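**Student:** The sequence isn't on hand, but the structure is:
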């Protein structure tokens, strides 16, 4: 019987690897940097793991306490059976934040992680200093899924699509192409890592189940709950930075523009040239530079939010 590939921890991140038990799941995470430093909480995107931040965690840990979990159901975290909705993710990460006793947090979310970060900012405003949303935000515009997504959304067909990709490691690697400005121009070391990692994901039953469940619930949220998110976001006063690659074909650019307009003076929008959906991997130096320029404590109005640990999650 052929042995299934395993999800190894990148060598540079081994010293930071931790685990914590929550009520219904165990979360694997990285914890780098001194406890007295400002806290960055990094949330990865759909079908990814905390290793997506591998190129920036060591650098950022010099001035921040950097915490990057595998979301429940992904990577090395366990995941209960059930619906992997935005509410489920937000409640789990809120519990994770409480167990680790984190406060004065700058949230950094990528794609699905950006949606979760924004959901947390709405529900826990007293703990969040600011939010950095990379290649994603909450769906505040009602829309149907893109035509290419429908096969993955239909139960049975989505599972079949992932089974087809498990036939060839080259086909699995090629499936990543839409997420990058130029997948095959990435450094050889990055391409080797991604080639191995996507193969591991496709052979990980829990991650396949969580990915398809999250994708399907996002489609439901985007169509049925956009007006609710629009109302919640319009009342949020968390300083926000929106970051998006100028060649991102995964996230709807009009949605990012709508979020920027909605947040008005509370947000700034940064476009990265020659970059797709994965800025933290394609332009890690630029992301490090942007995050290193943050001064969370100076950019908040704590007096207005202290004690507002809302239960809107």
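**Tutor:** In hand now; what should we look at? All values derive from a computational prediction rather than experimental measurement.
**Student:** shouldn't residue 290 be in contact with residue 272?
**Tutor:** No. Residue 290 is beyond contact range of residue 272, at 9.1 Å (criterion: CB atoms under 8 Å). Placement of C-beta: from N, CA and C, glycine included.
**Student:** Sketch out the low-pLDDT regions of the stretch 101-250 of the chain for me.
**Tutor:** Applying pLDDT under 70 to the stretch 101-250 of the chain flags the ranges 147.
**Student:** at 50 what do you get?
**Tutor:** For the stretch 101-250 of the chain, not a single residue meets the criterion pLDDT under 50.
**Student:** shared neighbours, residue 290 and residue 272?
**Tutor:** Taking CB atoms under 8 Å, 6 or more residues apart in numbering as the criterion, residue 290 and residue 272 both touch residue 243.
**Student:** check which helix or strand covers residue 66.
**Tutor:** Using DSSP states H and E, residue 66 falls within strand 65-69.
**Student:** which other helices and strands contact that strand?
**Tutor:** Under the contact criterion of 3 or more CB pairs under 8 Å, 6 or more residues apart in numbering; DSSP states H and E, strand 65-69 touches strand 26-32, strand 39-43, helix 57-60.
**Student:** Out of these, which is the most enclosed?
**Tutor:** Burial of these is given as mean neighbour count (mean count of other CB atoms under 10 Å); strand 39-43 ranks first at a mean of 26.
**Student:** ok, and what's touching that one?
**Tutor:** Defining contact as CB under 8 Å, 6+ apart, one finds that strand 39-43 is touched by 50, 53, 57, 60, 64-69, 71, 93, 97, 102-110, 112-114, 116-117, 291.
**Student:** Could you rerun that using 7 Å?
**Tutor:** By CB atoms under 7 Å, 6 or more residues apart in numbering, the surrounding residues in contact with strand 39-43 are 53, 60, 64-68, 71, 93, 102, 104-110, 113, 116-117, 291.
**Student:** what's the answer for stretch 174-192, then?
**Tutor:** So stretch 174-192 is contacted by 165, 194, 198, 245, 247, 249-250, 274-278, 281-282 (CB under 7 Å, 6+ apart).
**Student:** got the buried residues for that stretch?
**Tutor:** 175, 176, 179, 180, 181, 183, 186, 190 (16 or more other CB atoms under 10 Å).
**Student:** separation between the second one and residue 276?
**Tutor:** The one in question is residue 176. Here residue 176 is placed at a distance of 10 Å from residue 276 (CB to CB, to the nearest Å).
**Student:** picking that back up, among the contacts of strand 39-43, which are located in strands?
**Tutor:** 65, 66, 67, 68, 105, 106, 107, 108, 109, 110 (DSSP state E).
**Student:** how about JSON lines for the residues you listed, with distance to residue 145 and neighbour count added?
**Tutor:** Listed next are these as JSON lines, based on distance: CB to CB, whole Å; neighbours: other CB atoms under 10 Å:
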{"residue": "65", "distance to residue 145": "37", "neighbour count": "19"}
{"residue": "66", "distance to residue 145": "33", "neighbour count": "26"}
{"residue": "67", "distance to residue 145": "32", "neighbour count": "24"}
{"residue": "68", "distance to residue 145": "28", "neighbour count": "27"}
{"residue": "105", "distance to residue 145": "31", "neighbour count": "23"}
{"residue": "106", "distance to residue 145": "31", "neighbour count": "25"}
{"residue": "107", "distance to residue 145": "26", "neighbour count": "29"}
{"residue": "108", "distance to residue 145": "26", "neighbour count": "31"}
{"residue": "109", "distance to residue 145": "21", "neighbour count": "27"}
{"residue": "110", "distance to residue 145": "20", "neighbour count": "29"}
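**Student:** circling back to that earlier point, of the buried residues of stretch 174-192, which belong to helices?
**Tutor:** residue 190 (DSSP state H).
**Student:** Which elements pack onto the helix ranked longest in the chain?
**Tutor:** Identified as the longest helix of the chain according to DSSP H is helix 205-224. For helix 205-224, the helices and strands in contact under the criterion 3 or more CB pairs under 7 Å, 6 or more residues apart in numbering; DSSP states H and E are helix 150-153, helix 157-165.
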